[in-house]
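Q: Quick one: sequence and predicted model below, then my questions.
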Amino acid sequence: MSIEEMSDTFDYPAGRKKVLTDSCYVIRHGHDYMLWDTGFSTANAEAFKATAREPLKAQLSRIGVAPKQISIIGISHWHPDHTGQAAQFPQAHLLMGKADFELLAEEKSPDIGPWLAEGAKNLEKVSGDKDVFSDGSVVMLATPGHTTGHYSLLVRLQKFGPVILSGDLWHFSEQVSRNGVPLENVDRAATLASMDRILKAAANLKAKIVIQHEKTDIPKLPLFPASAQ
């Protein structure tokens, strides 16, 4: 993709391009399985000229996880490259930033169709941080700015150590040192504050930050179908 619009301070010249990844993650907590982000739907992948690989259900089957075993879906933000396959897991409990969910609800987005029924019990519109399993092992960290209800995910792995999946707080590594704020972000000041929060949290926790769209960050974790413990 062209990255000219990935900086509101004109860091990147017109025509400069970069290949971005669209990563999703499975977190096992005891007998529970959580998906973090769900990638593009097939239709949206084609619309965005993205190269679609295996659907999530097919990838899960390769690691012996049935779709019905996904009990929680956490969504970093409302953009279609993160919500696209969520509806394929209608039984899951959806965790999503309140403002972002309500934006999609107003549009009646099919990506969140299973959770649009009034009084849906398998839905939590998250405000502030969310300790997913109430033991500090998986925590949704409020990092607004890219969207109003944007979240990053802290995962404390017993052997590997802590990891922060940063959603779209950054799209590629170069933005970190440049404080790169894309033109599409809804709040510049909030974006910079969120970047500062995650960098300081990572330093204090000695956590690896994984920029989900950065190809060179994907190998920071064992490559699928291997897993970090």
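A: Okay, I see it. Computed from a prediction, not measured in an experiment: that's the story for all the values here.

Q: Alpha carbons of stretch 74-86, as PDB, please.
A: What follows is stretch 74-86, C-alpha atoms only, in PDB (Å, rounded to 0.1, in the frame of the first residue of the first chain):
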ATOM      1  CA  GLY A  74     -11.400  -9.300  21.200                       C
ATOM      2  CA  ILE A  75     -11.400  -6.600  18.600                       C
ATOM      3  CA  SER A  76      -8.800  -3.900  18.500                       C
ATOM      4  CA  HIS A  77     -11.000  -1.500  16.600                       C
ATOM      5  CA  TRP A  78     -13.800  -1.300  14.000                       C
ATOM      6  CA  HIS A  79     -11.800  -1.200  10.700                       C
ATOM      7  CA  PRO A  80     -12.800  -4.100   8.300                       C
ATOM      8  CA  ASP A  81      -9.300  -5.700   8.300                       C
ATOM      9  CA  HIS A  82      -9.800  -6.500  12.000                       C
ATOM     10  CA  THR A  83     -13.600  -7.300  12.100                       C
ATOM     11  CA  GLY A  84     -14.000  -9.200   8.900                       C
ATOM     12  CA  GLN A  85     -14.400 -12.800  10.000                       C
ATOM     13  CA  ALA A  86     -15.900 -12.200  13.500                       C
END
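
Q: Now do the same for Ala193: helix, strand or coil?
A: helix (DSSP: H, G, I helix; E, B strand; the rest coil).

Q: mind listing what the nearest residue to it once chain neighbours are set aside touches?
A: Nearest non-adjacent residue to Ala193, counting by C-beta to C-beta, 6 or more residues apart in numbering: Gly145, 7.2 Å away. In short, each C-beta sits where N, CA and C put it, glycine included. If a contact means C-beta atoms under 8 Å, 6 or more residues apart in numbering, then Gly145 has 169, 181, 185-195 as its contacts.

Q: got it, and Leu183?
A: Glu5, Met6, Ser7, Asp8.

Q: Does it lie in a helix or a strand, and which?
A: Using DSSP states H and E, Leu183 is not contained in any helix or strand.

Q: Tell me the bridge partners for Leu94.
A: Taking DSSP bridges, one finds Ile73, Leu123 as the beta-bridge partners of Leu94.

Q: If I follow the layout properly, it ends up in contact with Ile70?
A: No - in this structure Leu94 lies outside contact range of Ile70 using C-beta atoms under 8 Å: 10.8 Å.

Q: Now, the contacts of Leu183 that are in strands?
A: Judged by DSSP state E, these include no members of strands.

Q: what's downstream of the worst-scoring helix or strand of the chain on mean pLDDT, the next helix or strand?
A: Lowest by mean pLDDT, DSSP states H and E among the helices and strands of the chain is helix 42-47, with a mean of 61. Next helix or strand after helix 42-47 toward the C-terminus (DSSP H and E): helix 56-62.
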